[in-house]
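need coordinates for the below:
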Amino acid sequence: MATSRKAQTGAADPLIQTIADQDRVTWYNKPNLRYLYLMLFPTCMGIELTSGFDSQMINALQIVPAWQTYFADRPNGEFTGELKGIIAAAYSLGAMLSLPFIGIVNANLVEDAGMYITARILLGFGIPTCIVSGSSLIGELSYPKERAYLTCFFNVAFYFGQITAAAICFGTNSIAGNMAWKIPSWLQMAPSLVQMALICFIPESPRWLITKDRSEEAYDILARYHAEGNRDSEFVKAEFAHMQTTIQLEMEHSSKSHMDLIRTAGMRRRTLITAGLGVFTQWSGNTLISYYLNDILEMIGRNSSIFKQQINVALSCWSLVCGVVIVLTCVRLKRVTAAYMCTIGMLVIYVAWTVAMERATVAINAGRRNNAAAGAVLFLIFAYKPAYQIFYNALTYTYMVEIWPYAERSRGIALQQFFSRGASFATTFINPVGLENVGWKYFISYCVILALEVTYVYFFFAETSGRTLEELAFLFEDKELAEAANEAAMKASNDARVEEIEMPKDGKAARGHFEERRINGPSSI
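This is a model prediction of the structure:
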């Protein structure tokens with residue numbers, strides 16, 4: 001086996017995670033934790049809802065006749081590949097340069113394609129900052145038992161935005177005049193308004209408070225949400241001690257510089273994983289569906305705008321169903337296993353899709369229709385969604401939060417966003433040009449990229465499931481550092497014995513009894 005796939009030795013034994021997993025009281029029976037999760041959805045997860053709205057809006061508006069007529073640079077409402085590409089890619093360009101809520105500018109001030117592109121650049125400018133802070137905050141506030149589920153649902157919120165935009169554009173499709181595309185543009189600011197109204201109702205990250213010497217506040221937040229206000233909880237004592245010690249060790253080994261991302265072998269590996277994930281989450285052929293479904297359907301002879309909008313809405317609903325089901329199941333999988341299922345599944349689907357596209361487009365060019373091939377293309381588009389979501393949608397931010405220690409987490413996720421938005425800009429701009437110039441052969445490039453992704457997973461991915469963030473803080477470093485943090489947690493938990501933890505239920509003390517465990521020496525990973 002390649003040396004880069006050697007067993008990582010820095011992951012601590014899952015002391016805190018094991019205790020949390022044995023808690024039998026569900027989150028919805030804990031009033032404080034329930035409130036926290038209900039607030040996290042519209043505020044932090046609403047960030048991806050905004051992204052999903054934009055992605056689907058620009059996809060759906062390309063089907064609206066009034067939008068085509070208003071912005072087209074060719075007669076009869078047709079676009080050059082370059083103009084279509086830059087209109088769709090401008091959002092990613094603004095994100096890469098790095099505040100939503102100016103969607104109304106699109107509708108009221110836009111007079112031509114140039115102004116529309118500029119408005120979309122500005123619209124995407126603040127998204128990376130929101131994503132970096134939102135995904136980190138979800139991971140850092142969540143109770144360890146549900147953390148993976150919540151960070152997975154962060155990306156699933158994208159599809160709520162997609163469905164909303166698809167339904168709105170479908171409803172305005174038949175409106176005469178420019179209101180058909182202006183109404184969706186106005187409504188684009190709605191998710192950001194909700195976030196602005198509710199953001200003050202969620203607590204600060206306990207880890208951030210610890211770094212600012214506000215440990216008492218951090219402990220209060222942990223006690224309130226992870227033990228329903230029980231400040232004497234053995235679990236909270238152990239969790240807090242683990243956080244404090246881990247952050248102290250991290251800060252001792254961090255210079256708080258961007259150079260930290262490449263300073264050590266462990267950090268370089270994290271950076272390679274992060275950069276690869278940023279690129280491959282956009283270069284796996286997904287942007288063809290997200291932004292150019294209209295072009296694909298026309299290539300196989302499906303030209304009705306009503307049919308296209310129906311497929312668009314159906315695909316958005318299917319994506320949400322797949323996203324929710326996959327989140328509820330894939331969290332139980334090993335991270336590396338899920339990554340293999342994702343990349344290999346997409347590769348198989350794209351090879352079949354390429355063959356079907358060739359058959360369908362050859363028939364169209366010959367003046368006839370190959371309904372079997374066109375049907376296969378539609379089936380494979382729908383089949384692609386769950387394959388992509390197994391890891392790239394459901395687990396990307398979960399994995400980012402897990403592999404990066406607190407001291408570098410924001411920089412690490414920002415790095416992922418930089419590569420992701422840069423890759424998104426490139427592929428979104430190139431896609432229509434490629435489809436226009438080489439047709440179905442353009443799909444071959446994605447088959448090659450997907451084959452590379454399988455290799456990338458093999459050589460660089462490390463397993464992270466089944467541990468808390470502190471237990472993963474030194475995943476690629478010396479395990480002695482991880483064990484030092486565990487020792488602090490053990491001392492705070494009655495001399496290395498965890499006998500019982502009181503878990504309040506519905507505001508009343510309910511004793512959750514755990515089997516007595518003696519903490520032994522470090523075990524192999």
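
was I right to think Gly46 contacts Phe153?
No: with contact defined as Cβ atoms under 8 Å, Gly46 and Phe153 do not form a contacting pair (11.6 Å). (Glycine included, C-beta is placed from N, CA and C.)

now do the end-to-end distance for stretch 362-370.
9 Å (Cα to Cα, to the nearest Å).

again, but for stretch 189-205
Across its full length, stretch 189-205 reaches 27 Å end to end, with Cα to Cα as the criterion.

how far does it sit from the chain's center?
The chain centroid and the centroid of stretch 189-205 are separated by 19 Å under Cα atoms, centre = their mean, to the nearest Å.

same deal with stretch 38-46?
Counting by Cα atoms, centre = their mean, stretch 38-46 is centred 14 Å from the centre of its parent chain.

same deal with stretch 221-239?
In terms of Cα atoms, centre = their mean, the centre of stretch 221-239 is set 29 Å apart from its chain centre.

again, but for stretch 382-389
So, by Cα atoms, centre = their mean, the centroid of stretch 382-389 is 15 Å from its chain's centroid.

all strands of the stretch 351-500 of the chain, in order?
In the stretch 351-500 of the chain, strands defined by DSSP state E, counting those that start in this stretch lie at 497-502, listed in chain order.

what does stretch 297-310 rub up against?
Stretch 297-310 has contacts (Cβ atoms under 8 Å, 6 or more residues apart in numbering) with 60, 63-65, 166, 169-170, 173, 293-294, 311, 357, 360-361, 363-364, 369, 373-374, 377-378, 435, 439-440.

out of these, which are inside helices?
Counting by DSSP state H, the part of the contacts of stretch 297-310 found in helices is 60, 65, 166, 169-170, 293-294, 311, 357, 360-361, 363-364, 373-374, 377-378, 435.

now those: which count as buried?
60, 166, 169-170, 293-294, 311, 357, 360-361, 363-364, 373-374, 377-378, 435 (16 or more other Cβ atoms under 10 Å).

where does the residue most central in space within the chain sit: helix, strand or coil?
Nearest to the mean C-alpha position of the chain, counting by Cα atoms, centre = their mean, stands Asn155 at 3.8 Å. When the structure is reduced to helix, strand and coil (DSSP: H, G, I helix; E, B strand; the rest coil), Asn155 reads as helix.

now it: how far from Val401?
Asn155 sits at a distance of 12 Å from Val401 (criterion: Cβ to Cβ, to the nearest Å).

likewise Leu452?
As judged by Cβ to Cβ, Leu452 and Val401 stand 25 Å apart.

same check on Met45?
Between Met45 and Val401 the distance, using Cβ to Cβ, works out to 14 Å.

more crowded one of those two?
In this comparison of Met45 against Val401, neighbours counted by other Cβ atoms under 10 Å, the higher total goes to Val401 at 26 against 23.

run a quick neighbour tally on the residue lying closest to that one once chain neighbours are set aside.
Spatially, and ignoring its direct neighbours in sequence, Val401 is nearest to Gly139 (3.8 Å; Cβ to Cβ, 6 or more residues apart in numbering). Per other Cβ under 10 Å, the neighbour tally for Gly139 reads 26.
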